[in-house]
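Peer 1: Got a predicted model here, sequence first, then my questions.
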Amino acid sequence: MKKFLFLSLLGFVIACKKDAPIPTDNGPGVAQKIKKVWVANQVTEGGTVVFSKSGTNNLKAGYSQFKLDLANTSAASLTEFDGNSFKGQYELNNDKTLILKDLSPMPTGNNGSIEFTITEVSGSILKLSRVTTSAKTGGQAVSYILE
């Protein structure tokens, strides 16, 4: 009987476990912390660092022009490594997902939106991982460290 109660309690505790919070420093919420213009510090495609702001032999030097403008409450603009720019809106979903939507011109194959998972917001750093792959990166997963 004790074993049954212990296992039942253990199951209850596991079921009630919440997702680990996004690492953040103390201060304003995620919505306020991301409200600025971000540039690439380091970009990884498919597990390979293709750009580092301090690098001299970057595989994709075009990321030096990457810019994610979230300075307005909901308006967004994105300039990608190839120089293409998109304007639209942005929203946060549970402080974990950044969604750029109603983008114009419409990015190829994305129905006008691009989603990122926010993995860290601390100090002047924003770490994102793109949820969907892009044909521009050869279908590789892309992670960004922005500043």
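Peer 2: Yep, it's here.

Peer 1: which residues in the protein form helices?
Peer 2: Applying DSSP state H to the chain gives helices spanning 2-16, 30-33.

Peer 1: ok, and the closest non-adjacent residue to Val43?
Peer 2: Residue nearest to Val43 in three dimensions, not counting chain neighbours: Phe51, with 4.2 Å by C-beta to C-beta, 6 or more residues apart in numbering. The way it works is simple: take the backbone N, C-alpha and C, and place the C-beta from them, glycine included.

Peer 1: Going by mean pLDDT, which of the helices of the chain comes out lowest?
Peer 2: Set side by side, the helices of the chain differ in mean pLDDT, and helix 2-16 is lowest with a mean of 40.

Peer 1: residue contacts, the residue nearest to Val43?
Peer 2: When the contact criterion is C-beta atoms under 8 Å, 6 or more residues apart in numbering, the partners of Phe51 are 40, 42-43, 58-64, 66, 81.

Peer 1: so how far is Tyr63 from it?
Peer 2: Here the criterion is C-beta to C-beta, to the nearest Å. By it, Phe51 lies 4 Å from Tyr63.

Peer 1: what do these two both touch?
Peer 2: Contact with both Phe51 and Tyr63 is made by residues 40, 43, 81, according to C-beta under 8 Å, 6+ apart.

Peer 1: contacting residues for the first one?
Peer 2: Ala40 makes contact with 51, 53, 63-64, 66, 81, 144-146 under the criterion C-beta under 8 Å, 6+ apart.

Peer 1: Would you mind giving those residues as TSV with pLDDT and distance to Gly88 added?
Peer 2: Putting the contacts of Ala40 into TSV (pLDDT from 0 to 100; distance: C-beta to C-beta, whole Å) gives the following:
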residue	pLDDT	distance to Gly88
Phe51	98	24
Lys53	96	26
Tyr63	97	21
Ser64	97	23
Phe66	97	17
Phe81	95	18
Tyr144	98	18
Ile145	98	23
Leu146	98	18
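
Peer 1: pLDDT below threshold where in the protein?
Peer 2: When residues are selected by pLDDT under 70, those of the chain lie in 1-27.

Peer 1: Lovely, talk soon.
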